[in-house]
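> Sequence and predicted structure, then a few things I'm wondering about:
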Amino acid sequence: TQLLEQSPQFLSIQEGENLTVYCNSSSVFSSLQWYRQEPGEGPVLLVTVVTGGEVKKLKRLTFQFGDARKDSSLHITAAQPGDTGLYLCAGGPQTSGSRLTFGEGTQLTVNP
Amino acid sequence: DTGVSQNPRHKITKRGQNVTFRCDPISEHNRLYWYRQTLGQGPEFLTYFQNEAQLEKSRLLSDRFSAERPKGSFSTLEIQRTEQGDSAMYLCASSTGLLTDTQYFGPGTRLTVL
């Protein structure tokens, strides 16, 4: 069974601060997706990383996939209140298609 | 841009009643997935379809749950004899079926069983 552990589970910071969210597993994933979810809505895709060591940037967000494709991190620079939400990492299986394995999520609150 | 759509968005029902949810995937996506999410947790996989074929079912999908995708387009998820433990957000996602298989989610159906 593939499991993903996210940390921290909750994060409350002030506007302008930087933060990093971690997603770790003992299993290898074919890909790693990061989603953001707001209350009462479905997860919205932020990024997909597929290559070990890959780094992708999306404005103030930087995503990294570990060399061994077992872990990932999301770094947000100069957080804004609009970044508030539940951040979910999800690993794609080694075999083609099928289920995503989600972490429990990191609830981020950015206070003005 | 037509993303994944789900109906209804909210459903309140009494214990023991049957409910049915609908998902319309992105039109060119041949894979469709159902997940369930409870408060404070990440989504958990229920089942997925490749076109009209249901290829995998989770152990979470008890015999009270049934999903169909009769023409390989929209899908329905039915829960019979609902229980309070079925209260959750039911999410649908679709993808093209490539190895990286990025899944795009709908807004979800929030089910409350009284």
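Nice, thanks for sending it over.

> how much space between the closest residue to B:Glu28 other than its chain neighbours and B:Trp34?
Among residues not flanking B:Glu28 along the chain, B:Thr96 sits closest, at 7.1 Å (C-beta to C-beta, 6 or more residues apart in numbering or on different chains). Glycine gets a C-beta too; all of them are placed from N, C-alpha and C. Per C-beta to C-beta, to the nearest Å, B:Thr96 is found 18 Å from B:Trp34.

> Between these two, which has more neighbouring residues?
Shown here are B:Thr96 and B:Trp34; by other C-beta atoms under 10 Å in any protein chain shown, B:Trp34 has more neighbours (25 against 15).

> Hmm, that one is touching B:Cys23, no?
Yes - between B:Trp34 and B:Cys23 there is a contact under C-beta atoms under 8 Å: 7.3 Å.

> So for those two, which residues contact both of them?
B:Ser75, B:Leu77, B:Cys92 (C-beta atoms under 8 Å, 6 or more residues apart in numbering or on different chains).

> wait, is the second one part of a strand?
It refers to B:Leu77. Yes - counting by DSSP: H, G, I helix; E, B strand; the rest coil, B:Leu77 is found in a strand.

> and it, what does it touch?
Neighbours of B:Leu77 in contact, by C-beta under 8 Å, 6+ apart: B:Thr20, B:Phe21, B:Cys23, B:Trp34, B:Leu46, B:Phe65, B:Ser66, B:Ala67, B:Tyr90, B:Cys92.

> Looking at these, state which has the most neighbours.
Counting by other C-beta under 10 Å, top hit in the contacts of B:Leu77: B:Cys92 with 29 neighbours.

> Am I right that A:Leu74 is in contact with A:Thr62?
Yes - assessed by C-beta under 8 Å, A:Leu74 is found in contact with A:Thr62 at 7.4 Å.

> Give me the more crowded residue out of these two.
Between A:Leu74 and A:Thr62, counted using other C-beta under 10 Å, the more crowded position is A:Leu74 (23 against 16).

> mind checking the SS state of that one?
strand.

> Contacts only, for A:Thr48.
A:Ser31, A:Leu32, A:Gln33, B:Thr100, B:Thr102.

> So what pairs up with the second one in the strands?
Read it as A:Leu32. A:Val49, A:Gly91 (DSSP bridges).

> what separates it from B:Thr2, distance-wise?
27 Å.

> These two - which one has more neighbours?
Neighbour totals were compared for A:Leu32 and B:Thr2, and A:Leu32 leads with 27 against 8 (other C-beta under 10 Å).

> Could you report the pLDDT at the more buried one?
The model reports A:Leu32 with a pLDDT of 91.

> what do you get for A:Gln2?
63.

> and B:Asn85, which of the three is it?
Careful, residue B:85 is Gly; it's not Asn. Secondary structure state of B:Gly85, per three-state DSSP, is helix.

> show me what contacts it?
By C-beta under 8 Å, 6+ apart, B:Gly85 lies in contact with B:Val113.

> go again using 10 Å as the cut-off
For B:Gly85, the contact set (C-beta atoms under 10 Å, 6 or more residues apart in numbering or on different chains) comprises B:Arg15, B:Thr38, B:Val113.

> ditto for A:Pro43
Going by C-beta under 10 Å, 6+ apart, A:Pro43 touches A:33-37, A:85-88, A:90, A:100, A:102, A:105, B:35, B:37, B:42-43, B:91, B:93, B:103-108.
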